Structure formats: C-alpha cells, structure tokens
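Engineer: fold the following for me, if possible:
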Amino acid sequence: MRAASLGLDENPADAARRGAKKETSPTKDVGWKLREALKQQLAIIHERVEAKKLAKLALAEVRELLAKEEEEKELELGRKEITARVKERVATRLKEEEEKMEKEEMEKALEKLRKEKAKQPDEGKEDGKEKEGEKKSKKGGEKEEKFEKKVEEGKKVQEEDKGRGKESAKEKRKKSDRSGK
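Structural biologist: Okay, the predicted model is just below:
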C-alpha cells in the first residue's frame, strides 16, 4: 500500500485505472461546472419567484389603499350631499316663513284699510265735512286700490316662487321689475 501511495505501480491494471481517472476528471469537472451553473440558475429563479411574490403583496396593499381612499371620497361626497340637502330644506322653510309673515302683514294692512274705508263714509255724512269726506274717500279709495294692486302682485309673486323653485322671491321681484320697466 505504501507503494501505491508513493506512486509505484506494481500492476499494469492499476496504471490503466489511474489513466482512466485522469481522463474522467475532466468530465467530472464539466459535471461540477454544470451543477454549479444549475444551482446558480435555480437561485436566480427562486429570487425571481420571491420578487414576484413581493410585487404581488405590494400591489395588493396599493389596491387596498386605493379602495380605502375611494370609500373615503364616497363618504365625503355623501356628507356633502347631505349637508346640501339640509341647507336646501332650511332655505325652503325660511322662505315659507317669510311668505307667511308677508302674507299676514298684507292681510293686516288690508283689514286696516277696509276698516278705515268703512269709517270714512260714516264721517262723510256730517253736514260741513261732507265734501272733505268725499275727498278723503277718494284718497282712501286710491290708496286702497294701490294697496290691493300690491297685494295682488304679492300673491302673483308668491305663486311664481312656488312654481319656479329655488330662486328667492326678492330675485324674482327684481327680475319682474326690470322686465316691467
């Protein structure tokens, strides 16, 4: 054995085996190189797979964030719509209350004029003041006619306000005054 380890060949078959080992070592080298190349390729493939997984996770997170933002926008729009509706309702209630108050004032003024008109003929029956009473009744009649015209215009304006919708009564009066002039 010492001779074999020293490199002394006693058998020619041993020498042939040694030659074969030397010839097979280049093929082993090629095999090792192929294995190394395959391991490297496999590592690269694994890296790519991991990168794809990470990309999918990141994409899923981005989509989730976008969905949340979209929901928040929808909620914000919903809130804005609700506040707009509430403001609209409040505005309509205020308009209705204004109309009621104006109507009541007009009715009170009309009643006042009627009472004054009813009193005026009684005053006109006196002897010395008969002519003055006629003058007052004419003046009162003119005032009443003017007032009744205003009342009628007010009623027309109110009806137009109800028919048109959102425009305020003042704006409509301005428009009608402009078109009338």
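
Engineer: mind checking the longest helix of the chain?
Structural biologist: helix 12-124 (DSSP state H).

Engineer: now for it, which elements pack on it?
Structural biologist: Applying 3 or more Cβ pairs under 8 Å, 6 or more residues apart in numbering; DSSP states H and E, one finds that helix 12-124 contacts helix 130-164, helix 169-180. All C-beta spots, glycine's among them, are computed from the backbone N, C-alpha and C.

Engineer: what do you get if the cut-off is 10 Å, keeping everything else the same?
Structural biologist: helix 2-6, helix 130-164, helix 169-180 (3 or more Cβ pairs under 10 Å, 6 or more residues apart in numbering; DSSP states H and E).

Engineer: quickly, which of those helices bottoms out on average pLDDT?
Structural biologist: Between those, the one with the least mean pLDDT is helix 2-6; it has a mean of 49.

Engineer: pLDDT (mean, whole number) over the longest helix of the chain?
Structural biologist: 88.

Engineer: what about residue 150, how many residues nearby?
Structural biologist: Residue 150 has 13 neighbouring residues, counting by other Cβ atoms under 10 Å.

Engineer: ok, the residue nearest to it when sequence neighbours are not counted to residue 30 distance?
Structural biologist: Take residue 150 and drop its neighbours on the chain: the residue closest to it by Cβ to Cβ, 6 or more residues apart in numbering is residue 106, 7.7 Å away. Separation of residue 106 from residue 30 (Cβ to Cβ, to the nearest Å): 112 Å.

Engineer: now residue 97
Structural biologist: For residue 97, the distance to residue 30 - Cβ to Cβ - is 100 Å.

Engineer: and what of residue 103?
Structural biologist: Counting by Cβ to Cβ - residue 103 and residue 30 are separated by 108 Å.

Engineer: more neighbours: these two, which one.
Structural biologist: Of the pair residue 103 and residue 30, residue 103 is the one with more neighbours under other Cβ under 10 Å, namely 14 against 10.

Engineer: how close does that one get to residue 91?
Structural biologist: According to Cβ to Cβ, residue 103 and residue 91 sit 19 Å apart.

Engineer: how about residue 56?
Structural biologist: Taken as Cβ to Cβ, the span from residue 56 to residue 91 is 52 Å.

Engineer: same question for residue 117.
Structural biologist: The spacing between residue 117 and residue 91, counted by Cβ to Cβ, is 38 Å.

Engineer: so these two - more neighbours on which side?
Structural biologist: Neighbour count, other Cβ under 10 Å: between residue 117 and residue 91, residue 117 has more, with 15 against 12.

Engineer: so that one sits against residue 148, correct?
Structural biologist: No: contact between residue 117 and residue 148 fails when scored by Cβ atoms under 10 Å: they sit 11.2 Å apart.

Engineer: what's the spacing between residue 153 and residue 147?
Structural biologist: From residue 153 across to residue 147, the span is 11 Å (Cβ to Cβ).
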